[in-house]
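Participant: curious how this folds, go ahead:
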Amino acid sequence: MSTELRLKKLRGSGGYVMATVTDQQQMKGNLGGPDLFLAPIGRLDSKKITKYFCNTCEKEFEGPPKIEYENPNEEVAENLVLAEKGQYICNSCSATIAEYREFKKQNETVEVGSAKPLESASQITTPQISQPEPSVQIQVKPEISSQSVTQPGSATAISSIEGLVVYDENAKKIGKAKQVGIDSNQSVVLIIIKNDGTEGSIPWNSIRKVGEIILLGSPVIAPQLNQPGKCTNCGFSNKEGSKFCEECGSKLQ
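Facilitator: Purely as a prediction, here's the structure:
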């Protein structure tokens, strides 16, 4: 594989950068579409970035954006650690051009195991969580719900495993991971780009294995005390006294 550097456009959620990358970096940034993406590549040397475009400013700037990062060393699965997370930030308006996450195995000779539960929404630091927007009732198509995929609510990213292919319990590819988030019910979900290009979200407890792919299974529901208003069908917390679930319409016990 060639180590020659080539100038490429790398897209992010808030713009793009023009940077010289190696063949290996180009492969990481190729998620199967016509564009290359910045997030899977991780932290680039700022000297390799010649210019960037900010969607908020609607303007192209010479030189690199600001790069900020931290090393949480958070274990997201057995033998898989979130080693670094960072952002490419516009020097003019401080908008985020792109975010990235880098994962490492603690032991290269051992396979990655089951996904670890993430911190509950009440334990996540305030800067990472925005107040959820009012919930919007969305009718989920039957063929999507059979794959344990629902339309996402108001989700705020707290961690991510960008680009990993997601397979359901029947070994059927259903999409690629985009990020981990919090939905409108303050539940942890994995947001994916489905095969048809639209977004979907999967309950975090449906993840069975995280490795070179993400493998799903039937959700593991922890034993819970009887909670008034809790829907046994979809888990939505309704107001006390409700007779039908506000989320899925099922009759409450």
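
Participant: tell me how far V165 lies from T56.
Facilitator: 31 Å (CB to CB, to the nearest Å). For glycine as for every other residue, the C-beta is placed from the backbone atoms N, C-alpha and C.

Participant: meant to ask about L164, not that
Facilitator: 29 Å.

Participant: okay, these two: which has more neighbours?
Facilitator: Neighbour totals were compared for L164 and T56, and L164 leads with 20 against 14 (other CB atoms under 10 Å).

Participant: what sits against the more buried one?
Facilitator: Applying CB atoms under 8 Å, 6 or more residues apart in numbering to L164 gives the contacts 176-177, 210, 212-214.

Participant: same thing but 6 Å
Facilitator: 177, 214 (CB atoms under 6 Å, 6 or more residues apart in numbering).

Participant: same question, K194
Facilitator: K194 touches 175, 200, counting by CB under 6 Å, 6+ apart.

Participant: residue numbering should commence at 55 henceforth.
Facilitator: In the new count, where the first residue is 55, that last one comes out as K248.

Participant: which pLDDT value goes with it?
Facilitator: Listed pLDDT for K248 reads 89.

Participant: got the buried residues for stretch 88-97?
Facilitator: Residues 90-96 are the ones in stretch 88-97 that count as buried (16 or more other CB atoms under 10 Å).

Participant: gap between the two ends of that stretch?
Facilitator: Its start and end residues considered, stretch 88-97 measures 22 Å (CA to CA, to the nearest Å).

Participant: rounded mean pLDDT for that stretch, please.
Facilitator: 86.

Participant: test my guess that G283 contacts E294.
Facilitator: Yes. Counting by CB atoms under 6 Å, G283 does reach E294; the two are 5.2 Å apart.

Participant: now K82. Nearest residue, chain neighbours left out?
Facilitator: P94 (4.6 Å; CB to CB, 6 or more residues apart in numbering).

Participant: so the residue nearest to I143 when sequence neighbours are not counted versus Y142, what's the distance?
Facilitator: Leaving aside its sequence neighbours, I143 sits nearest to K120 (CB to CB, 6+ apart; 4.4 Å). Going from K120 to Y142 by CB to CB gives 7 Å.

Participant: settle it for me: which of these two has more neighbours?
Facilitator: Y142 (30 against 12).

Participant: where do the helices of the chain begin and end?
Facilitator: Shown for the chain, the helices assigned by DSSP state H span residues 77-83, 196-199.

Participant: I'd like the average pLDDT over the last one.
Facilitator: So the one you mean is helix 196-199. pLDDT averaged over helix 196-199 gives 36.

Participant: same check, this time on the longest one
Facilitator: Helix 77-83 shows an average pLDDT of 87 in the prediction.

Participant: buried sites along that helix?
Facilitator: 79, 82-83.

Participant: and those as TSV, adding distance to F290?
Facilitator: Below are these laid out as TSV (distance: CB to CB, whole Å):
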residue	distance to F290
Q79	42
K82	38
G83	38
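
Participant: ok, of these, which one's closest to W258?
Facilitator: Nearest to W258 among the buried residues of helix 77-83: K82, at 24.6 Å, using CB to CB.

Participant: these two touch, right, the closest one and L98?
Facilitator: No. With contacts counted by CB under 6 Å, K82 stays clear of L98, the gap being 11.0 Å.
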